[in-house]
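Trainee: below are the sequence and a predicted model; questions follow.
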Amino acid sequence: MAGALAIPEAQLGRTPYLAGDSLSVADMSLAVDFCRFKFALDSPAARQIPATHRKEISDTTPNINRWYEVLCERRTFAEGDGGEEGGMGEDVGAHSHYK
């Protein structure tokens, strides 16, 4: 997965969001996949992978991790209510425990 994230990782090292200075549909698209990725890393099956290896996977994407934390601080993203700031919808809101 880390290889697939090389391009967004590099972009987020240059700009706060994937398409520049503002939140866009590109951010929402990657956020859904990244949420699933984080969910998979926390799954019982992934816990069989040594913690040091799980940490190494997470450590390869510091810019994405920072970006995702910023998104999770947005009330509408975390709650998925689609309010004024443009939330993610009910499906992603169900995973708001990744704050």
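Mentor: That came through fine.
Trainee: dump stretch 8-15 to CSV, restricted to CA.
Mentor: Only the C-alpha atoms of stretch 8-15 are listed here, as CSV (Å, rounded to 0.1, in the frame of the first residue of the first chain):
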residue,chain,number,x,y,z
PRO,A,8,-0.2,11.6,-2.7
GLU,A,9,2.5,11.4,0.0
ALA,A,10,4.8,13.6,-2.1
GLN,A,11,2.0,16.0,-3.0
LEU,A,12,1.0,16.4,0.6
GLY,A,13,4.6,17.2,1.4
ARG,A,14,4.2,20.3,-0.9
THR,A,15,0.5,21.4,-0.3
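Trainee: quick one: buried residues of that stretch?
Mentor: Using 16 or more other Cβ atoms under 10 Å as the test for burial, stretch 8-15 gives Pro8, Glu9, Gln11, Leu12. All C-beta spots, glycine's among them, are computed from the backbone N, C-alpha and C.
Trainee: again, but for stretch 22-31
Mentor: Leu23, Asp27, Met28, Leu30, Ala31.
Trainee: now that stretch: average pLDDT?
Mentor: The predicted model gives stretch 22-31 an average pLDDT of 91.
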